[in-house]
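**Student:** attaching a predicted model along with its sequence, questions to come.
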Amino acid sequence: KEFRNNIRPNWCPGCGDFSVQASIQRAAANLGLTPDSLAVISGIGCSGRISGYINSYGFHGIHGRALPIAQGVKMGNRDLTVIAAGGDGDGFAIGMGHTIHAIRRNIDITYIVMDNQIYGLTKGQTSPRSEVGFKTKSTPAGSIESALSIMEMALTAGATFVAQGFSSDLKDLTSLIEQGIQHKGFSLINVFSPCVTYNKVNTYDWFKENLINLNDIEDYDPADRVTAMQTLMAHNGLVKGLIYQNKEKKSYQDIAKGYSQESLAGSDIQLKEDQFKDLVGEFM
Ligand code: SF4
């Protein structure tokens, strides 16, 4: 309850993003976080509104830039649990450069992508996650571009925590988010979060029929990167659960020289008046 505020989400009834919001709130509560120890930073899109719907520190950033802001927040205050959130268009099109570099940097934040295979806020155009043949207003004859295999890409880029959830599985999604927050390094959680208004192909029923639960694969070992890649390729990326985790690689914070053990935000930094004037005087 403490992570709820009095703002009513203006998502369409049935939008998958409701479950993502609830899962973040539950995960935070289960881990014993408090509103002032959590920051949720979002980009632009329907899903980008999520930072306003959770009672915590939050910042609704600009398109594709949730990750640079989230990384800055974490570097400024290492004591905060930082979650970046946004849609597949936000993170895997305009924000893809940031996604790749945050992955290889292995900075200790969690990135939750609400993947609905379409641009919802702008009323239904293909996204980087739309499959070939997907018909939208921007592709009336069907998309001729291949969908980005985001989980495979994350593994290739050196991700240390790769998971995929489904909005319909609140309990499993909450658990994945908890594991992602607890992971020491960058955690990427892609969530199949149906857009009930504009995507009439990748519906809740479609995912229920097509998603493979990794828990049902005998001896699946998320520590084995090769198996993870092979499994993704065998099922066209349509798996849910913890795909891969590397607990050995150190996070950015662990290896960055000069990164204080004490949070910058908690440090006693005082500028003398003349120094302050030198810095900002001309703007005052
Ligand atoms: Fe959700 Fe789609 Fe409605 Fe946006 S347009 S709020 S993604 S259902």
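**Tutor:** That came in fine, so what should we check first?

**Student:** okay, strands next: where are they in the stretch 101-250 of the chain?
**Tutor:** For the stretch 101-250 of the chain, applying DSSP state E, counting those that start in this stretch gives strands covering 110-115, 118-119, 125-126, 161-166, 187-192, 212-213, 239-245.

**Student:** let me see the mean pLDDT of the helix or strand following the longest one.
**Tutor:** Read it as strand 239-245. Next in sequence after strand 239-245, counting helices and strands by DSSP states H and E, comes helix 252-255. The average of the pLDDT scores along helix 252-255 is 86.

**Student:** which of the strands of the stretch 101-250 of the chain sits most buried?
**Tutor:** strand 110-115 (a mean of 30; mean count of other C-beta atoms under 10 Å). Placement of C-beta: from N, CA and C, glycine included.

**Student:** could you find the closest non-adjacent residue to Gly45?
**Tutor:** Take Gly45 and drop its neighbours on the chain: the residue closest to it by C-beta to C-beta, 6 or more residues apart in numbering is Gly87, 3.9 Å away.

**Student:** cool, Asn199 as well?
**Tutor:** Closest to Asn199 by C-beta to C-beta, 6+ apart is Ile118, at 4.6 Å.

**Student:** distance of that neighbour relative to the ligand?
**Tutor:** 7 Å (C-beta to the nearest ligand atom, to the nearest Å).

**Student:** same question, Ile41
**Tutor:** Taking C-beta to the nearest ligand atom, one finds Ile41 at 19 Å from the ligand.

**Student:** what residues are up against the closest residue to that residue other than its chain neighbours?
**Tutor:** Leaving out its chain neighbours, the residue that sits closest to Ile41 by C-beta to C-beta, 6+ apart is Ala70, at 4.1 Å. Going by C-beta atoms under 8 Å, 6 or more residues apart in numbering, Ala70 touches Ala39, Ile41, Val82, Ile83, Ala84, Ile109, Tyr111.
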